[in-house]
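Peer 1: Need the 3D shape of this:
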Amino acid sequence: LFLFFLCCDSQAVIEPTTSGYTCSLNQTTSPCQTYVYYRAVAPDFLDLASVGDLFSVSRLMISNPSNISSPSSPLVPFQSLFVPIQCSCNRINSSMSISYAGLNYTIKAGNTFYLVSTNQFQNLTSYQSVEVVNPSLVPT
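Peer 2: Next up, the predicted model:
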């Protein structure tokens, strides 16, 4: 499963659709670095290693901006985290390009696009956006 996150160009005021923020392809050559706000949640995401694995970043890349003294420190439920991601523009089809941060996620038994987008990724993406970029995937 390939995930697209709803990123936006901070220079433009654009309302997103359920599939994401539209963008121009010149952002492909100028990706931007930003942070997502994420909360540590039980049972799967109460340590920086599991959150880092989810977003494909190191524990240190989360601990520094989140003001956590050690990358191996345990997290408390709902602790605020700032996770770095890189956004750019991706052409979905001939008429649509959306701003995104691409991550890979392996569907587990019982998952749906909706559950992955709302639970694991805490509404940082929409299930519609996940469907758009995975048109042939059945999440079962």
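
Peer 1: okay, CA-based contacts and neighbour counts for the rest of this
Peer 2: Fine.

Peer 1: what's the offset of the longest strand anywhere in the chain from the middle of its chain?
Peer 2: Using DSSP state E to assign secondary structure, the strand with the most residues in the chain is strand 80-93. Centroid separation for strand 80-93 versus its chain: 6 Å, with C-alpha atoms, centre = their mean, to the nearest Å.

Peer 1: Also compute the angle for whichever helix or strand comes after that strand relative to strand 80-93, please.
Peer 2: Downstream of strand 80-93, the first helix or strand assigned by DSSP states H and E is strand 96-100. Direction vectors for strand 96-100 and strand 80-93, defined by axes from the mean of the first three to the mean of the last three C-alpha atoms, to 10 degrees, enclose an angle of 160 degrees.

Peer 1: If you average the pLDDT over strand 96-100, what comes out?
Peer 2: Along strand 96-100, the predicted confidence averages to a pLDDT of 79.

Peer 1: For the helix or strand following that strand, buried residues please.
Peer 2: Proceeding N to C from strand 96-100, the next assigned helix or strand is strand 102-104, under DSSP H and E. Applying a neighbour-count criterion of 16 or more other C-alpha atoms under 10 Å, one finds Gly102 buried in strand 102-104.

Peer 1: Helices of the chain, start to end?
Peer 2: Remark: helices assigned in the chain by DSSP state H are 48-55, 59-63, 113-115, 127-133.

Peer 1: and the third one, which residues are buried?
Peer 2: For helix 113-115, the buried set under the neighbour-count rule, 16+ other C-alpha under 10 Å, comprises Phe113, Tyr114.

Peer 1: Which neighbouring elements make contact with it?
Peer 2: Taking 3 or more C-alpha pairs under 8 Å, 6 or more residues apart in numbering; DSSP states H and E as the contact definition, the neighbouring helices and strands of helix 113-115 are helix 127-133.

Peer 1: What is the distance between the helix it packs on and the centre of its chain?
Peer 2: The chain centroid and the centroid of helix 127-133 are separated by 12 Å under C-alpha atoms, centre = their mean.
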